[in-house]
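# sequence first, then the predicted structure, then my questions.
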Amino acid sequence: MSELTSDAALSYADELLRFGLAEGKVRGVAVSVDGSWQTAGAHHDYPPAVAQLLGQCVAAALALVATLKFNGRLIMQFRGDGPVKLLVVQARSDLTYRVTAQWTDALNATDLNQTLQTLLGLNAASPGHLALTLEPDEGTRYQSLVPIEGKSVASALEGYFQQSEQLPTRLVLVADGTRAVGILIQQVPGEGGTPMVRAANAEAVFDHLSIMMDTLLTQKGLVEVQATPVPTLLHRLFHQDTLVLTQVNSVGFFCGCSREGVGIMLRSLGRDELNAALRDSDVPGYVSVRCEFCGAKYAYDAVDVEHLLQPHSFAPRDDIRH
């Protein structure tokens, strides 16, 4: 049985816990995204249905990036033709993340727990797609693109791992506008290092642990997940299954945007397009840019634009107008 820090010390922390079960036959990751998730959504005013779905994607992406054996980024993207058009999470191996989403006015934003098919408008003629992209700091970029199957983010990802990786995986994902929680368990390959070679009785052990995970999918269980510190939740679920916490790390929101970086992007557009933007802007005389990840606003007047267009120009002045 593992030693767990008190609820008071770890209550609602932005943290990720790695753990092992059943004497190493199964590995797991649990993540709680609290204050950083509120920060990520503060500039976007996500409708409740979008916040719920995107928060589940954040918890899932952080859990998945924690399983990688290299440093880099994981990008998860759900795309469809429904009232929610796009969900994107970029998670890095240092356990920081950023997010963006696109939706339409047709979204029934107040109706929570809608299926993934409903929100993304998925059907036989328009199955949508799930893209998982791995970008190692050193090495080759890899992307897997598959149709979206399942009624939830969790079931879609479980299907992906079963089909693409042949690696039995279970996920529980719960989120709203203030907190996102994810728990992932996977079978561990046995000797030989491939998913098809497993320790003795691994399937039976995994089936048992999956049943334990299922107890969280009831109405009462989902409320418990959202209201309980993750270490306590893991102890309640798995204390009889040789639960061993192996590592605890902090997670956090990041965005790499800057006035200098936006200025470089604007400069690449050229004089004609920037002059047109100055003329046609909602705020005449200013080119305004809003970061799609953190919501920060950058504004450039005619003097700033002229400065950007000069050869070998330095970064525009720092009196940022948001």
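Received the coordinates, thanks. Numbering: from 1, shown residues only.
# right, and the helix or strand after the host helix or strand of Gln77?
Of the helices and strands defined by DSSP states H and E, Gln77 is found in strand 72-79. Per DSSP H and E, strand 72-79 leads on to strand 84-92 as the next helix or strand towards the C-terminus.
# do a quick rundown of the strands in the stretch 201-322 of the chain.
244-250, 252-253, 286-290, 297-301 (DSSP state E, counting those that start in this stretch).
# helices or strands up against the strand holding Gln77?
helix 48-65, strand 84-92, helix 116-120, strand 129-136 (3 or more Cβ pairs under 8 Å, 6 or more residues apart in numbering; DSSP states H and E). Placement of C-beta: from N, CA and C, glycine included.
# coming back round to it: name the stretch among the strands of the stretch 201-322 of the chain that sits most buried.
When the strands of the stretch 201-322 of the chain are scored by mean count of other Cβ atoms under 10 Å, the highest mean neighbour count falls to strand 297-301 (a mean of 19).
# measure the residue nearest to the spatial centre of the chain to Gln166 for me?
For the chain, the residue nearest the mean C-alpha position is Val58 (2.3 Å; Cα atoms, centre = their mean). Distance of Val58 to Gln166, computed by Cβ to Cβ, to the nearest Å: 26 Å.
# Ala30: which element?
Going by DSSP H and E, Ala30 is part of strand 26-33.
# could you give the angle of that strand to strand 84-92?
110 degrees (axes from the mean of the first three to the mean of the last three Cα atoms, to 10 degrees).
# any idea of the mean pLDDT in strand 26-33?
The average pLDDT within strand 26-33 is 96.
# who does that strand pair with, and is each partner parallel or antiparallel?
Paired neighbours of strand 26-33 in the sheet (DSSP bridges): strand 15-21 (antiparallel), strand 180-187 (antiparallel).
# which other helices and strands does the next helix-or-strand element following that strand contact?
Going down the chain from strand 26-33, the next helix or strand is helix 35-41, by DSSP H and E. With contacts taken as 3+ Cβ pairs under 8 Å, 6+ apart, helix 35-41 sits against helix 48-65, strand 96-103, strand 252-253.
# any idea of the pLDDT on Ile264?
Ile264 carries a pLDDT value of 87.
# distance check, it against Val289.
Taking Cβ to Cβ, one finds Ile264 at 12 Å from Val289.
# then Asp94?
27 Å.
# ok, Pro83 next?
26 Å.
# what is the neighbour count of Arg73?
Counted with other Cβ atoms under 10 Å, the neighbours of Arg73 add up to 20.
# got a list of what it touches?
65, 90-93, 133-135 (Cβ atoms under 8 Å, 6 or more residues apart in numbering).
# which intervals of the stretch 51-200 of the chain have sub-threshold pLDDT?
190-200 (pLDDT under 70).
# in a markdown table, list the helices and strands packed on helix 35-41 along with distance to Leu269.
Output for the helices and strands packed on helix 35-41, formatted as a markdown table (distance: least, Cβ to Cβ, whole Å):
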| stretch | distance to Leu269 |
| --- | --- |
| helix 48-65 | 29 |
| strand 96-103 | 21 |
| strand 252-253 | 28 |
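# the ones you listed: which one's closest to Ala302?
Set against Ala302 and scored by Cβ to Cβ, the helices and strands packed on helix 35-41 come closest in strand 96-103, at 29.6 Å.
# so what's Ile183 up against?
Ile183 touches 28-31, 63, 171-172, 213, 216, 225, 230, 233-234, 237, counting by Cβ under 8 Å, 6+ apart.
# give me the beta-bridge partners of it?
Ala30, Val172.
# quick check: it vs Ser210, distance?
Taking Cβ to Cβ, one finds Ile183 at 12 Å from Ser210.
# all helices of the stretch 201-322 of the chain, in order?
202-214, 219-227, 230-238, 259-267, 271-280, 302-309 (DSSP state H, counting those that start in this stretch).
# contacting residues around the fifth one?
Right, helix 271-280. Applying Cβ under 8 Å, 6+ apart, the set of residues contacting helix 271-280 from outside is 266, 269, 284-287, 302, 305, 308-309.
# repeat the analysis, applying 7 Å as the threshold.
With contact meaning Cβ atoms under 7 Å, 6 or more residues apart in numbering, helix 271-280 is reached by 266, 285, 287, 302, 305, 309.
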